[in-house]
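Colleague: Sequence first, then the predicted structure:
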Amino acid sequence: MLFKLTDEQKMIRNMVREFSRKVIAPTAAERDRTKEFPAGNFKQMGELGLMGMMVPEAYGGESADTVSYVLALSEIAYSCASTSVVMSVQNSIVCESLNNFGTTKQKQQFLTPLASGKMIGAFGLTEPDAGSDPVSQATVAVKDKDDYIINGTKRFITSGKHAKVVLVTAKTDPDAGHKGISCFIVPKDTKGLIVGHEEDKMGLRASDTTDLIFEDCRVPASWMLGKKGDGFKIAMSGLDSGRIGIAAQSIGVAQAAFDAAVAYASQRRQFGVPVTKHQAIRFQIADMATQIEAARQLMLSAASMKDRKEPYTKEASMAKLFASEMVNEVTARAIQMHGGYGFTKDYVVERLYRDARVFTIYEGTSEIQRIVISNNILKDKRKL
């Protein structure tokens, strides 16, 4: 099925495209070099409604559909993948989890400032010994009268340094497996929440990634998100939505690499003619364009299923798997088309190649996506 965008979806895409390329793109390379967090970008993005796109207007959001959101996210990723990953976590995991599981009071206190971009959020799930297997996490939350006391360490937390509020999972019943995990809203200034080691990453360098350490971190029981034991369900729901966002980021980065490669090849001359006259380069261009479009259709399919409130776990994993593998191949081809120049920081494809590498890893590795997809297929087969 070829998706026909509505006039409103096209308007949002075009608005974000113009903002992204005029405001975000010019300083992206410098931020990659200095690792400077793009706080100014997020302030402007909040004013444009991009930090809580799918949040209801009653809580400061735009009430946008998922298709509009992924189109916007792709345009941000086109200019700066670091900026896009913060936008993705903010929208699809933090804001959506609060919107779907939060109480009215929790939404008023936390969701409204998040949706407006006045506050950056983070989600704490991964741990040093619990990556693809979140049930094995060691963080615990023990009830003490009207509070919970949290102890543990979360690792590879996007925006861990700059976030003002963290949604964190912890075991409240260690013997109950995935049903014994709960989720808590923890403001950054809560005593006992410590920002730990900041990673020096290969890519996405303007987006901070840190440890978050909880040492007798006391939070009110009223800051539990959802019900006791809902933590695993909240995390998996957020990851389903987040995986469509990873596909969107992958497509934005791949499109940027493709455009840069085509532009370079069109002006580069070898053997007396532009290299685009050579069949080998033309075949590369055709393959790259086809891969990007296939990924885009998978992304739009998953996003539209989510908008129709249909089950979309399998489709989100398919979109994430294909798009994240695709962007690694497309950025590698883009460097190849640049020749030796592609290996230098003078050309944008070098940064895009580094940024793309993590997309097959975070929010579920490619191997995990294949497990999710096959499990859903076999489950459906058993129902026949």
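Modeller: On my side now, so go ahead. Numbering: from 1, shown residues only.
Colleague: Who are the contact partners of the spatially most central residue of the chain?
Modeller: For the chain, Ser88 is the residue whose C-alpha lies nearest the centre (Cα atoms, centre = their mean; 3.8 Å). Contacts of Ser88 were listed using Cβ atoms under 8 Å, 6 or more residues apart in numbering, and they are Leu73, Gly242, Gly245, Ile246, Ala248, Gln249. Glycine gets a C-beta too; all of them are placed from N, C-alpha and C.
Colleague: Helices - which of those residues land there?
Modeller: Per DSSP state H, helices hold the following members of these: Leu73, Gly242, Gly245, Ile246, Ala248, Gln249.
Colleague: Low-confidence regions, the stretch 251-384 of the chain specifically.
Modeller: 380-384 (pLDDT under 70).
Colleague: give me that answer again for 90
Modeller: Along the stretch 251-384 of the chain, the model assigns pLDDT under 90 to residues 265-281, 363, 379-384.
Colleague: hmm, back to that, which of the contacts of Ser88 sits closest to Gly152?
Modeller: Gly242 (21.6 Å; Cβ to Cβ).
Colleague: nearest spatial neighbour of Lys201, skipping sequence neighbours?
Modeller: Spatial nearest neighbour of Lys201, excluding adjacent residues (Cβ to Cβ, 6 or more residues apart in numbering): Thr209 at 6.1 Å.
Colleague: check contacts around the one you found.
Modeller: Thr209 touches Phe156, Ile157, Thr158, Gly160, Glu198, Glu199, Lys201, counting by Cβ under 8 Å, 6+ apart.
Colleague: Got the domain ranges for this protein?
Modeller: Per the record, the chain has its domains at 7-120, 122-232, 239-383, by automatic domain parsing.
Colleague: Count the residues that sit near Thr104.
Modeller: Other residues near Thr104 number 10, with proximity taken as other Cβ atoms under 10 Å.
Colleague: Now it, what are its backbone angles?
Modeller: When read as degrees, to the nearest 10, the backbone of Thr104 gives phi -60, psi -40.
Colleague: Same check on Asp129?
Modeller: Note on Asp129: its backbone torsions stand at phi -120, psi 20 [degrees, to the nearest 10].
Colleague: Repeat that for Met224.
Modeller: Here is the backbone geometry of Met224 (degrees, to the nearest 10): phi -70, psi 130.
Colleague: what are the ranges of the strands in the stretch 51-200 of the chain?
Modeller: For the stretch 51-200 of the chain, the strands defined by DSSP state E, counting those that start in this stretch occupy 121-124, 140-144, 147-158, 165-171, 181-187, 193-198.
Colleague: Can you lay out those strands as a markdown table showing mean pLDDT?
Modeller: Shown next, in a markdown table, are the strands of the stretch 51-200 of the chain (pLDDT from 0 to 100):
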| stretch | mean pLDDT |
| --- | --- |
| strand 121-124 | 96 |
| strand 140-144 | 96 |
| strand 147-158 | 97 |
| strand 165-171 | 97 |
| strand 181-187 | 98 |
| strand 193-198 | 96 |
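Colleague: do you know which of those strands lies nearest Gln297?
Modeller: Using Cβ to Cβ, those put strand 147-158 closest to Gln297, at 27.2 Å.
Colleague: Parallel or antiparallel, which strands does that closest one pair with?
Modeller: Strand 147-158 has these partner strands in its sheet, going by DSSP bridges: strand 140-144 (antiparallel), strand 209-220 (antiparallel).
Colleague: Return the most buried member of these.
Modeller: Of all the strands paired with strand 147-158, strand 209-220 has the most neighbours on average by mean count of other Cβ atoms under 10 Å, namely a mean of 19.
Colleague: who touches the next helix-or-strand element following that strand?
Modeller: Scanning forward in sequence from strand 209-220 by DSSP states H and E, the next helix or strand is strand 224-225. Outside strand 224-225, the residues that touch it by Cβ under 8 Å, 6+ apart are 97-98, 101-102, 106, 148, 167, 182-185, 231, 234.
Colleague: ends of stretch 201-211, how far apart?
Modeller: Terminal residues of stretch 201-211 lie 13 Å apart, using Cα to Cα, to the nearest Å.
Colleague: Same check on stretch 185-204?
Modeller: This stretch, stretch 185-204, spans 26 Å end to end (Cα to Cα).
Colleague: And stretch 176-193, by the same measure?
Modeller: Length of stretch 176-193, first residue to last, Cα to Cα: 26 Å.
Colleague: again with stretch 223-240
Modeller: Stretch 223-240 end-to-end distance (Cα to Cα) = 23 Å.
Colleague: That stretch: how far from the chain's middle?
Modeller: 18 Å (Cα atoms, centre = their mean, to the nearest Å).
Colleague: buried ones in it?
Modeller: 223-226, 228-235, 237-240 (16 or more other Cβ atoms under 10 Å).
Colleague: ditto for stretch 303-317
Modeller: Residues of stretch 303-317 classed as buried by neighbour count (16+ other Cβ under 10 Å): Ala303, Ser304, Met305, Lys306, Asp307, Tyr312, Thr313, Lys314, Glu315, Ala316, Ser317.
Colleague: Out of those residues, which is nearest to Pro26?
Modeller: Checking the buried residues of stretch 303-317 one by one against Pro26 (Cβ to Cβ), the nearest turns out to be Ala303, at 29.1 Å.
Colleague: isn't the closest one right up against Arg243?
Modeller: No: using Cβ atoms under 8 Å, Ala303 is not in contact with Arg243; the gap is 10.8 Å.
Colleague: For Ala141, which non-adjacent residue is closest in space?
Modeller: Closest residue to Ala141 apart from its sequence neighbours, by Cβ to Cβ, 6+ apart: Ala170 at 3.9 Å.
Colleague: Identify the bridge partners of the one you found.
Modeller: Judged by DSSP bridges, the bridge partners of Ala170 are Ser182.
Colleague: so which helix or strand takes in Glu329?
Modeller: Using DSSP H and E, Glu329 maps to helix 313-338.
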